[in-house]
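**Student:** Predicted model, plus sequence, below.
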Amino acid sequence: MAIMYALKSSDNEIFEVEQKVIEQSETIKKMIEDGAATGEIPLQVSSKTLAKVLEWCKQRQHKTVENENDDNKGKRKKERDEDDDIKEWENKFSDELKADKDVLFDLLLASNYLDLPALLSFLCQLVADMVAGKMPEEIRRMFNIENDFTPEEEKAITAEHGWAFQP
Amino acid sequence: MHTLLSPRLFITSFISFKIRAETKRSLPVYGNAKMDCFDRLPDPLIHLIFNSVSDVKTLIRCRSVSKRFNSLVPQTETLSLKVDRVISPESDSDSLLLSFLKVFLRSIHDLLTLTTTIKSVSQTTTLTQNSPAQILTQFHRVRNLQIELPGGDLKLDKGVTVKWRADFGKSLNSCVIIGFKSANGEGGEVDIAGGLKTRVMWTISALIAASARHFMLEEVVREHEEMESLVLVDKEGEGTVVMDKEGMRQCRMKEANVSDQGWGRGRTMVPSVRMRMRHEARLMLPSGVCVEGATLVVVRASAAGKDDVEDAELALGAFGNEIYRQAVTELLKSRSYMLEMNSF
């Protein structure tokens, strides 16, 4: 029987999760090891975001279990197929986050708070890819960033590094 | 009855009021589409994102997005700089990169009478040209840097592939070179008589290209003392120059007047080296690709004095591409010849 833990989101929703899944979070793993994780574990993460966190953790857990059960025979082909499956899953996961930037940035904060390095670097790369090659105005529009430069200040930066602003 | 109930009612309503207030306060975070996403991220998370961006051009554009971005971008630790054009020697610009390449091109030409590729650039261009060192001065905490040149330096015959990877300190530490001709390419005749000459020419061209690139990097190495890894590649994947933390430390210790001697030559001096060369006239790779004149050379500064096993390990780790790795693996089974070369 898998050991289950109850996680409580900031808006009081309870998520029942297997220990192996949630132990990917170094923060929670430490709480469990210290014996601090009795009853419900309260987290400063909204239910919407926590659901996404767990979706990620389950996918990762699924992958490691399958690899352990593999024998070497036919492993290469299987690995290739699996890689394709994971890519497909990650693409879908990314697309959902790109469409809802509030959740994306919540998830960034949550992966940092829960100490999930793999998720954190995945999300940083996702945001980086969204920014790549864009002009300042496009970046501002994408993330609702206010331009707090005076026109003169902005002009000074673009003039100094003119080459970088060529298409 | 009323007097008994009222305190409880009071508490209940107080709690519900409190919850409502909290919900209200968190509304801008979850509900308001006009929220600046980055406002919620602490600086260290934005640093992580900028390190993932790494592309210098995008990062400079980010500087003009907002004041906060402008103050955080210069602290980015992982950078990747794409040099998108190499200026032709005829251009009037006095950029440093230009003078490096000008001398470098001449030196290759003189030594090998090889014609070199010059990426021609329209003469009417009005863009200001910047050397990598100039561009990178705005970054103060560079740890990992990759610079990509637009193309390789070697002018090779059709069907010929030469790849190299060189490790540098103050000068060359080691270099692995692999070269071959594709067997089904045009002019498939194996040039047996010129075989050794060709192999030596490949080796020397690679060493000159490597030391010219190293020379280009010196200024960057001196200016960024916290750097831990530096990699110079080209878009065609021809050659790679790597420097680690220790290599860069040695490079900075080099006296200024010694480095000045490089100016006439346009490259770092290649120290006297020992080369372990392996060769097969025809090689069938496990993937089914057949290559001719396959050559593997492991070059080491003479002072290093490493044995065959260490050379083999170095060669196996040199290339990421599967075909080159297979060729290295196969060639390591062949007999090796030792050659020595004086500093040049």
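**Tutor:** Structure's in. What do you need?
**Student:** For B:Arg282, which non-adjacent residue is spatially closest?
**Tutor:** Nearest residue to B:Arg282, sequence neighbours excluded (C-beta to C-beta, 6 or more residues apart in numbering or on different chains): B:Glu292, at 5.5 Å. For the C-beta atoms, the positions are set from N, CA and C on the backbone; glycine is no exception.
**Student:** Shouldn't the one you found be within a strand?
**Tutor:** Yes - applying DSSP: H, G, I helix; E, B strand; the rest coil, one finds B:Glu292 inside a strand.
**Student:** Hmm, it is touching B:Thr198, no?
**Tutor:** No - using C-beta atoms under 8 Å, B:Glu292 is not in contact with B:Thr198, being 11.0 Å away.
**Student:** For chain A, see how far away the residue nearest to B:Arg282 is.
**Tutor:** Distance, B:Glu292 to chain A, using C-beta to the nearest C-beta, to the nearest Å: 30 Å.
**Student:** can you count the residues close to that residue?
**Tutor:** By the criterion of other C-beta atoms under 10 Å in any protein chain shown, B:Glu292 has 20 neighbours.
**Student:** Run through the bridge partners of it.
**Tutor:** Using DSSP bridges, the bridge partners assigned to B:Glu292 are B:Lys181, B:Arg282.
**Student:** what do you get for the one 5 residues further on?
**Tutor:** Listed beta-bridge partners, B:Val297: B:Ile177, B:Met277 (assigned using DSSP bridges).
**Student:** And it, how far from chain A?
**Tutor:** 32 Å.
**Student:** so where's chain B uncertain?
**Tutor:** For chain B, the stretches flagged by pLDDT under 70 are B:1-34, B:86-129, B:184-194, B:255-265, B:304-306.
**Student:** near chain A, which residues of it show up?
**Tutor:** Counting by C-beta under 8 Å from any C-beta of the partner chain, the positions of chain B adjacent to chain A are B:29-30, B:33-38, B:40-41, B:45, B:48-58, B:60-67, B:69-70, B:127-130, B:135, B:138.
**Student:** Quick one, which of those residues are buried?
**Tutor:** Using 16 or more other C-beta atoms under 10 Å in any protein chain shown as the burial test, the residues of chain B next to chain A include B:35, B:37-38, B:41, B:45, B:48-58, B:60-66, B:69-70, B:129-130, B:135 as buried.
**Student:** hey, where'd the helices end up in the chain?
**Tutor:** Picking chain A for this. For chain A, the helices defined by DSSP state H occupy A:19-22, A:26-33, A:47-69, A:75-99, A:101-113, A:117-131, A:136-143, A:151-160.
**Student:** meant chain B actually
**Tutor:** Using DSSP H, helices in chain B cover B:2-30, B:43-53, B:56-63, B:67-72, B:96-112, B:132-136, B:195-223, B:245-253, B:256-260, B:262-265, B:308-316, B:322-331.
**Student:** just checking, what packs against the third one?
**Tutor:** It stands for helix B:56-63. Judged by 3 or more C-beta pairs under 8 Å, 6 or more residues apart in numbering or on different chains; DSSP states H and E, helix B:56-63 is in contact with helix A:136-143, helix B:43-53, helix B:67-72, strand B:78-82.
**Student:** and B:Glu238, what does it touch?
**Tutor:** B:Gly151, B:Gly152, B:Asp153, B:Leu154, B:Val162, B:Lys163, B:Trp164, B:Ala209 (C-beta atoms under 8 Å, 6 or more residues apart in numbering or on different chains).
**Student:** Identify the residues contacting the second one.
**Tutor:** Read that as B:Gly152. B:Thr117, B:Ala209, B:Asp234, B:Glu236, B:Gly237, B:Glu238, B:Gly239.
**Student:** for these, which one is nearest chain A?
**Tutor:** Distances from chain A to the contacts of B:Gly152, taken as C-beta to the nearest C-beta, are shortest for B:Asp234 (19.5 Å).
**Student:** That closest one: neighbour count?
**Tutor:** Neighbour tally, B:Asp234, other C-beta under 10 Å: 19.
**Student:** isn't A:Ile86 right next to A:His62, touching?
**Tutor:** No - counting by C-beta under 8 Å, A:Ile86 does not reach A:His62; the two are 9.5 Å apart.
**Student:** And the residue nearest the centre of chain A?
**Tutor:** A:Leu119 (4.0 Å; C-alpha atoms, centre = their mean).
**Student:** With adjacent residues omitted, what lies nearest to it?
**Tutor:** Spatially, and ignoring its direct neighbours in sequence, A:Leu119 is nearest to A:Ser111 (4.1 Å; C-beta to C-beta, 6+ apart).
**Student:** What is the burial count for that neighbour?
**Tutor:** When neighbours are counted by other C-beta under 10 Å, A:Ser111 registers 25.
**Student:** One more: B:Met243?
**Tutor:** A count of nearby residues for B:Met243, using other C-beta under 10 Å, gives 27.
**Student:** Spatially nearest residue to it, not counting backbone neighbours?
**Tutor:** Computed as C-beta to C-beta, 6+ apart, the closest residue to B:Met243 that is not its neighbour in sequence is B:Leu230, at 4.4 Å.
**Student:** Report the contact partners of that neighbour.
**Tutor:** Taking C-beta under 8 Å, 6+ apart as the test, what B:Leu230 contacts is B:Asn144, B:Leu145, B:Gln146, B:Ile147, B:Leu217, B:Val220, B:Val221, B:Val242, B:Met243, B:Met248.
**Student:** how about those residues in a markdown table, adding distance to B:Val83?
**Tutor:** Below are the contacts of B:Leu230 laid out as a markdown table (distance: C-beta to C-beta, whole Å):
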| residue | distance to B:Val83 |
| --- | --- |
| B:Asn144 | 17 |
| B:Leu145 | 13 |
| B:Gln146 | 11 |
| B:Ile147 | 7 |
| B:Leu217 | 12 |
| B:Val220 | 12 |
| B:Val221 | 16 |
| B:Val242 | 17 |
| B:Met243 | 17 |
| B:Met248 | 20 |
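**Student:** Pull out the buried residues from these.
**Tutor:** By 16+ other C-beta under 10 Å, the contacts of B:Leu230 give B:Leu145, B:Gln146, B:Ile147, B:Leu217, B:Val220, B:Val221, B:Val242, B:Met243, B:Met248 as buried.
**Student:** pretty sure the last one contacts B:Val220?
**Tutor:** No - using C-beta under 8 Å, B:Met248 is not in contact with B:Val220, being 9.5 Å away.
**Student:** Model confidence for A:Ala37, exactly?
**Tutor:** Note for A:Ala37: predicted pLDDT of 69.
**Student:** closest to A:Gln44 out of the helices and strands packed on helix B:56-63?
**Tutor:** Closest approach to A:Gln44 among the helices and strands packed on helix B:56-63 (C-beta to C-beta): helix B:43-53, 15.4 Å.
**Student:** what sits up against that closest one?
**Tutor:** Contacts for helix B:43-53 (C-beta under 8 Å, 6+ apart): A:108-109, A:112, A:120-121, A:124-125, A:127-128, A:131-132, B:38, B:41, B:59, B:62, B:68-69, B:72-73, B:75-78.
**Student:** I would like a PyMOL command selecting only the buried ones among the residues you listed, please.
**Tutor:** Command for PyMOL, covering only those of the contacts of helix B:43-53 found buried under the criterion 16+ other C-beta under 10 Å:
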select buried, (chain A and resi 108+109+112+120+124+125+127+128+131) or (chain B and resi 38+41+59+62+68+69+72+73+76+77+78)
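**Student:** Not counting sequence-adjacent ones, nearest residue to A:Arg60?
**Tutor:** Leaving aside its sequence neighbours, A:Arg60 sits nearest to A:Gln24 (C-beta to C-beta, 6+ apart; 6.3 Å).
**Student:** Let me know whether the residue nearest to the centre of chain A touches A:Leu107 as I believe.
**Tutor:** Yes - with contacts counted by C-beta under 8 Å, A:Leu119 reaches A:Leu107, the gap being 7.5 Å.
**Student:** Could you pull out the residues contacting both of those two?
**Tutor:** Counting by C-beta under 8 Å, 6+ apart, the shared contacts of A:Leu119 and A:Leu107 are A:Val53.
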